[in-house]
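In: no FASTA, just this:
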C-alpha cells in the first residue's frame, strides 16, 4: 500500500503540475495575443483601487471613470497608432440581471475598437447589433439567447472563446448601450454625481503604439495628467516570473516524489525477491520457469504502478483544483483550463513515464527472482 | 520403469550428502525414504523431484534421461508429471483454499479445472472450506489442501516430505490412507517420513545412512536391512 500511495502522490503532483502549467501557459500566451493593446490607460485614482492584474484578468466589476477627452489627447501623442475607449459598469443583483454574480460590463466603441472586432468577425452578421451582447466563456446565469442586464432585455449573440483575460468573465456590448443601461440605475447614481454624465466619461483607453515606442508613449500619457498606464506585457511577464517560482518549487517536489517512487519501487521489488523466496520457489517447484517469475515480478510492478497512476490521476485532479483555488485567491492571472486532448496527452505521458519507472525498478529484482531455485520451496514454511 | 536413478550423488563442498544412490520406481509403486534427521532424505526427494540437481549420476523418467534437460523442460516435467506435498504445506496465505489448489493449473496454463479442484477437495472433506484462507484452517486441513494441490493435474509421481508430521495419530492415519490410495489409481508415491507405521505401508522402503541407501526388507520376523543400493 505504501508503494501504491507513493506512486499515486508522485503521479498526482506531476499531473496537477502539468494541468496548471498548461493552463497558465495557454492563458499567458492567449491573453498576450488577445489583449490587443500595448498600453491600457486608466484614471490615476484607479491605480490604488485595483490591482492591475485583477483589472486585466478577472471579471470583478471596476467602476473607474475619467473624462472622455483623454481619448483625443492620447491619440495625438507621437507614436500612438490606435486608441479606443471603453466604458465599464456592472450588473447589480438578481432583480435586474440574469447573471448569478456581479459581473463586469464592458462597453466598446465600434468606431475605433480593434480588440473586440476580431471576435465579431466570427459572427454570422460580422458585427454586433445595438441590443446584442457578447458573453465571456465563464459568465454564468444566462439561460437561452435572451437575457436581462440592468433591467434591459438583450440578445446574447455569442459566447466567445476563452482568452485567459477579464473578457472571459465579462459581458461586452456597444459603449452607448452600456452608458444607457447604467445611466438610469439608482444604485449607480453616486458614480455619475462624482464623475459626471456617463455620456461624457470613459473607463479605460486601449492604446496600440508603434514598435519600440511603448515607454516613450507611456511617459507622454502620464504627463497628460491624472492617468495611469498599465503595460500589459510587463504585467504578463511579472505574473510569469511569480508563477515560475511556484512551478519550480512544485516541480522540485514532483521530481523528489518521483525519485521516492523509484526508490520505493526498487526497494519493494528487491526485497520481494528475498521476502517471497518461498513463494517464488514454490512456483518454480510447481512448474514455473525462470521467465515466468520475471514476468510475475515485472507484471506485479506494472500493476502496482498502474494502480498508483489511476489513484494519482484522481489525486492530481483534486490537487489541481485546490492549488488553482489557492493561486487564484492570492493573485489574478490569465488561465485557460486544459482541453480534453491536452488532458489525455498528459495522462498518456505520465502513464508512460511511470510504467517505465515501474519496469526499470522491477528489472533487477526480476532478474534476481529468476535465479531462485525450485528447491527453495523445500526449506520454508507457510507463505503469508 | 517410471523413474530411475543411477549413481546419483550430492556434495556441498567437501561434505558428501548422498553417495552414488541408484533406485528404480515403477508406475503405481510406493517408496518410503527414512533415515535420521540430516541424513539427506529431503535432498534425495528434491533430486528425484527435479527440484535440485545432483552433483553426479543420472536420472531417467520413462527411460528418458532428464539430466541434460534445460531448466524450462524440467519445469514443464515438474508441472505436468510431478506433484509435491511439502513438509510445511507451503500454502499461499493470500489465496483461498480453492485458488491454492489451482496454482499448478495457473502455472501450467490449464484453464477450467475449478470443478476438478472442487471434486478433489470434496473427496478430502474440504467442500465447506473452499473460500477459506490458510490461516483459517487446522494443520490437518492444510495438509489435505496441499495434497489436493499435488494431485490436481494427475501427476505420474507424487512426492511427499513428512506428510504426517505434526498430526495426531488419527489424522496421520487418514492422510496416510489417502496417500497410499494414490498408487491404486496409477500414481507413484515417493515419501519421506520418520513414521515407521507410515513407511511400512510402502511397497519399498529405503533408509539413508551415511549418504547410502539401504533397502529395508520385511518378513514375518520383522524388518531387516540387507541391501545397499550403489
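Out: Yes, it's here. Please read all numbers here as calculations on a predicted model, not as lab measurements.

In: For the rest of this, base every contact and every neighbour count on C-alpha atoms.
Out: Fine.

In: quick one, strands of the chain?
Out: Picking chain A for this. A:39-43, A:66-67, A:80-90, A:104-108, A:132-135, A:146-149, A:152-159, A:170-174, A:201-202, A:204-209, A:227-231 (DSSP state E).

In: if you could check chain B rather than the one you did, that'd help
Out: Counting by DSSP E, the strands of chain B are B:3-12, B:15-25, B:30-34, B:56-61, B:64-65, B:82-85, B:157-161, B:188-192, B:204-209, B:212-217, B:224-229.

In: Pull the contacting residues for the residue of the stretch 101-250 of chain A found nearest chain B.
Out: Proximity to chain B, evaluated over the stretch 101-250 of chain A using CA to the nearest CA, is greatest for residue A:250 at 38.8 Å. The contact partners of residue A:250, taken as CA atoms under 8 Å, 6 or more residues apart in numbering or on different chains, are A:13, A:17.

In: gap between it and residue A:343?
Out: Residue A:250 is 19 Å from residue A:343, where distance means CA to CA, to the nearest Å.

In: Ok, residue A:222 next?
Out: On the measure of CA to CA, residue A:222 and residue A:343 end up 44 Å apart.

In: Flag the helix or strand of chain B with the lowest per-element mean pLDDT.
Out: The weakest-scoring helix or strand in chain B, judged by mean pLDDT, DSSP states H and E, is strand B:224-229 (a mean of 53).

In: what sits opposite residue A:134 in the beta ladder?
Out: residue A:158, residue A:172 (DSSP bridges).

In: Let me know how buried it is, in neighbour terms.
Out: 22 (other CA atoms under 10 Å in any protein chain shown).

In: got the contact list for it?
Out: Residue A:134 neighbours (CA under 8 Å, 6+ apart): A:156-160, A:171-173.

In: still on that earlier bit, out of the strands of chain B, which is closest to chain A?
Out: Closest among these, using CA to the nearest CA: strand B:82-85, at 7.4 Å.

In: Tell me how far the closest one lies from the chain's centre.
Out: Mean-position distance between strand B:82-85 and its chain equals 5 Å (CA atoms, centre = their mean, to the nearest Å).

In: Quick one: residues in contact with it.
Out: Outside strand B:82-85, the residues that reach it (CA under 8 Å, 6+ apart) are A:285-286, B:49, B:143, B:146-147, B:149-151, B:153, B:155-161, B:163.

In: now do 7 Å
Out: For strand B:82-85, contacts defined as CA atoms under 7 Å, 6 or more residues apart in numbering or on different chains pick out B:146-147, B:150-151, B:155-161, B:163.

In: Which single residue of the stretch 1-150 of chain A ends up nearest chain B?
Out: For the stretch 1-150 of chain A, CA to the nearest CA, closest residue to chain B: residue A:1, 14.9 Å.

In: For chain B, see how far away the residue nearest the centre of chain A is.
Out: By CA atoms, centre = their mean, chain A has its centre lying nearest to residue A:335, at 2.5 Å. Separation of residue A:335 from chain B (CA to the nearest CA, to the nearest Å): 49 Å.

In: Touching, that residue and residue A:22? I think so.
Out: No. Here residue A:335 does not reach residue A:22: they are 8.9 Å apart, not a contact under CA atoms under 7 Å.

In: tell me the contacts of the residue in the stretch 201-350 of chain A positioned nearest to chain B?
Out: Closest contact between the stretch 201-350 of chain A and chain B, by CA to the nearest CA, is at residue A:287 (4.2 Å). By CA under 7 Å, 6+ apart, the contact set of residue A:287 is B:75-76, B:78-79, B:107-108.

In: residues near residue A:74, how many?
Out: By other CA under 10 Å, 22 other residues sit near residue A:74.

In: got it, and residue A:112?
Out: With other CA under 10 Å as criterion, residue A:112 counts 13.

In: Over to residue A:249?
Out: 12.

In: what does residue A:367 give?
Out: The burial count for residue A:367: 19, using other CA under 10 Å.

In: Repeat that for the one 5 residues further on.
Out: As a burial measure, the neighbour count of residue A:372 was computed by other CA under 10 Å and equals 20.

In: got it, and the one 3 residues further on?
Out: By the criterion of other CA under 10 Å, residue A:375 has 22 neighbours.

In: Backbone dihedrals for it, please?
Out: Per-residue torsions, residue A:375: phi -70, psi -10 (degrees, to the nearest 10).

In: if we look at stretch A:352-371, which residues are touching it?
Out: Under CA under 7 Å, 6+ apart, the answer for stretch A:352-371 is A:262, A:265-266, A:269-270, A:273, A:290-291, A:293-294, A:297-298, A:301-302, A:305.

In: Give me the buried subset of those residues.
Out: Those of the contacts of stretch A:352-371 that meet the buried threshold are A:262, A:265-266, A:269-270, A:273, A:290, A:293-294, A:297-298, A:301-302, A:305, by 16 or more other CA atoms under 10 Å in any protein chain shown.

In: Flag whichever of those scores worst on pLDDT.
Out: Sorting those by pLDDT puts residue A:273 at the bottom of the list (69).
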